[in-house]
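Asks: what's the 3D shape of this:
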Amino acid sequence: MTSSTDDTVSFGYTQVSPEEKTRKVGEVFTSVARKYDIMNDAMSGGMHRLWKDRFVKRVKPQAGEQILDMAGGTGDIAFRMAERGAHITVADINQDMLDVGAERALDRGLGEEDGSLVFTCQNAETVSFPASTFDAYTIAFGIRNVTHIDRALAEAHRVLKPGGRFFCLEFSTVEWAGLKEAYDIYSEHLLPRMGQMIAGDADSYRYLAESIRKFPPMPAFEAMIREAGFANTRFEPIMGGLVAIHSGWKI
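Replies: Here you go, the predicted model:
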């Protein structure tokens with residue numbers, strides 16, 4: 001879970017104050033922002049592209065819809081949805097990640113000029129938008145880095161219109177026996193080394209690996225989504241739970 005009885009939260013395997021976690025997570029993503037997409041390819045062997053394609057297919061963005069892509073950072077999910085005609089607000093707590101995303105959007109001819117994308121610095125726990133603003137809320141590989149996940153889920157429910165849909169793509173608990181052991185070795189030993197080689201930052205990728213292990217299993221996270229007020233919740237494991245798509249609807 002996200003907190004312990006002495007009002008601390010997990011930053012990887014370390015318990016820290018909520019304020020310190022927010023600061024430390026910010027430092028992680030400031031450090032990796034410029035190499036983030038290269039590392040995604042290296043870490044997953046390019047598989048993250050297929051996971052994101054599948055995720056957007058589940059979201060079913062429609063032309064003219066207003067979608068909030070929280071922790072949208074460098075824009076991978078937002079670009080896919082904007083190409084389908086939806087209007088995407090890309091939100092992230094880290095301005096360095098947003099800056100990279102905005103640069104990539106300009107390279108693709110997407111941006112505020114055509115109304116397809118807007119970039120805004122936001123804390124997922126205290127979103128500045130009014131209630132019932134968006135048709136859909138997406139968050140990919142970001143929810144586990146939020147200091148108080150329950151507050152972020154409550155905000156997601158608040159800003160969605162009635163009938164709005166919530167979709168989350170996140171690493172989860174591997175349930176395939178052979179893959180589980182191999183992935184544990186990879187994430188604990190090889191991932192930090194790759195982070196050092198490619199991004200010059202082993203510690204940030206050590207934290208990212210630890211944060212995956214500390215994230216609630218799929219049924220527990222689904223229960224948190226229900227507790228936030230969402231109905232018709234479900235989860236879809238991919239590669240035996242290496243990643244999972246979670247969803248729910250605001251009734």
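
Asks: residue closest to the middle of this protein?
Replies: The centre of the chain sits closest to residue 142, judged by CA atoms, centre = their mean, with a distance of 2.3 Å.

Asks: The closest residue to it other than its chain neighbours: what's it in contact with?
Replies: Nearest residue to residue 142, sequence neighbours excluded (CB to CB, 6 or more residues apart in numbering): residue 71, at 2.5 Å. For glycine as for every other residue, the C-beta is placed from the backbone atoms N, C-alpha and C. Residue 71 sits next to 91-93, 124, 139-143, 145-146 when contact means CB atoms under 8 Å, 6 or more residues apart in numbering.

Asks: which residues of the stretch 51-200 of the chain fall in strands?
Replies: Using DSSP state E, counting those that start in this stretch, the strands of the stretch 51-200 of the chain run over residues 66-70, 87-92, 117-121, 134-140, 160-171.

Asks: what ranges of the stretch 1-150 of the chain fall below the confidence cut-off?
Replies: Across the stretch 1-150 of the chain, the ranges flagged by pLDDT under 70 are 1-6, 12-13, 112-114.

Asks: Mind putting the strands of the stretch 51-200 of the chain into JSON lines with distance to residue 205 and mean neighbour count?
Replies: Putting the strands of the stretch 51-200 of the chain into JSON lines (distance: least, CB to CB, whole Å; neighbours: other CB atoms under 10 Å) gives the following:
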{"stretch": "strand 66-70", "distance to residue 205": "22", "mean neighbour count": "26"}
{"stretch": "strand 87-92", "distance to residue 205": "19", "mean neighbour count": "25"}
{"stretch": "strand 117-121", "distance to residue 205": "24", "mean neighbour count": "18"}
{"stretch": "strand 134-140", "distance to residue 205": "18", "mean neighbour count": "24"}
{"stretch": "strand 160-171", "distance to residue 205": "13", "mean neighbour count": "20"}
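
Asks: between those strands, which gets nearest to residue 250?
Replies: Taking CB to CB, strand 160-171 is the member of the strands of the stretch 51-200 of the chain nearest to residue 250, at 4.4 Å.

Asks: Walk me through which strands that closest one pairs with, and which way each runs.
Replies: Strand 160-171 pairs in its sheet with strand 134-140 (parallel), strand 243-249 (antiparallel), by DSSP bridges.

Asks: who touches that strand?
Replies: Here strand 160-171 makes contact (CB under 8 Å, 6+ apart) with 51-52, 55, 58-59, 77, 132-144, 156-157, 212, 215, 221, 225, 230, 242-251.

Asks: Just the buried ones out of those, please.
Replies: Buried subset of those (neighbour count, 16 or more other CB atoms under 10 Å): 51-52, 55, 59, 77, 133-144, 156-157, 212, 215, 221, 225, 230, 242-248, 250.

Asks: Does residue 214 touch residue 14 like I think?
Replies: No - using CB atoms under 8 Å, residue 214 makes no contact with residue 14, being 10.0 Å away.

Asks: Tell me which residues touch the residue nearest to the centre of the chain, please.
Replies: Per CB under 8 Å, 6+ apart, neighbours of residue 142: 70-73, 92, 124, 170.

Asks: Among those, which pair sits farthest apart?
Replies: Greatest spatial distance among the contacts of residue 142 (CB to CB): 92 and 170, at 15.7 Å.

Asks: Could you report the separation of the closest residue to residue 87 other than its chain neighbours from residue 218?
Replies: Nearest residue to residue 87, sequence neighbours excluded (CB to CB, 6+ apart): residue 66, at 5.3 Å. Separation of residue 66 from residue 218 (CB to CB, to the nearest Å): 29 Å.

Asks: Can you verify my assumption that the residue nearest to residue 87 contacts residue 81?
Replies: No - counting by CB under 8 Å, residue 66 does not reach residue 81; the two are 10.9 Å apart.

Asks: Kindly export stretch 102-117 (C-alpha atoms) in CSV.
Replies: The C-alpha trace of stretch 102-117 is given here as CSV (Å, rounded to 0.1, in the frame of the first residue of the first chain):
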residue,chain,number,x,y,z
ALA,A,102,6.0,19.5,-25.8
GLU,A,103,9.2,19.3,-28.0
ARG,A,104,8.1,15.9,-29.3
ALA,A,105,4.6,17.2,-30.1
LEU,A,106,6.0,20.1,-32.1
ASP,A,107,8.1,17.6,-34.1
ARG,A,108,4.8,15.8,-34.9
GLY,A,109,2.9,18.9,-35.8
LEU,A,110,0.7,18.5,-32.8
GLY,A,111,0.1,21.2,-30.2
GLU,A,112,-1.9,24.0,-28.7
GLU,A,113,-2.2,25.7,-32.1
ASP,A,114,-4.5,23.0,-33.5
GLY,A,115,-6.2,22.2,-30.1
SER,A,116,-5.1,18.6,-30.1
LEU,A,117,-2.7,18.8,-27.2
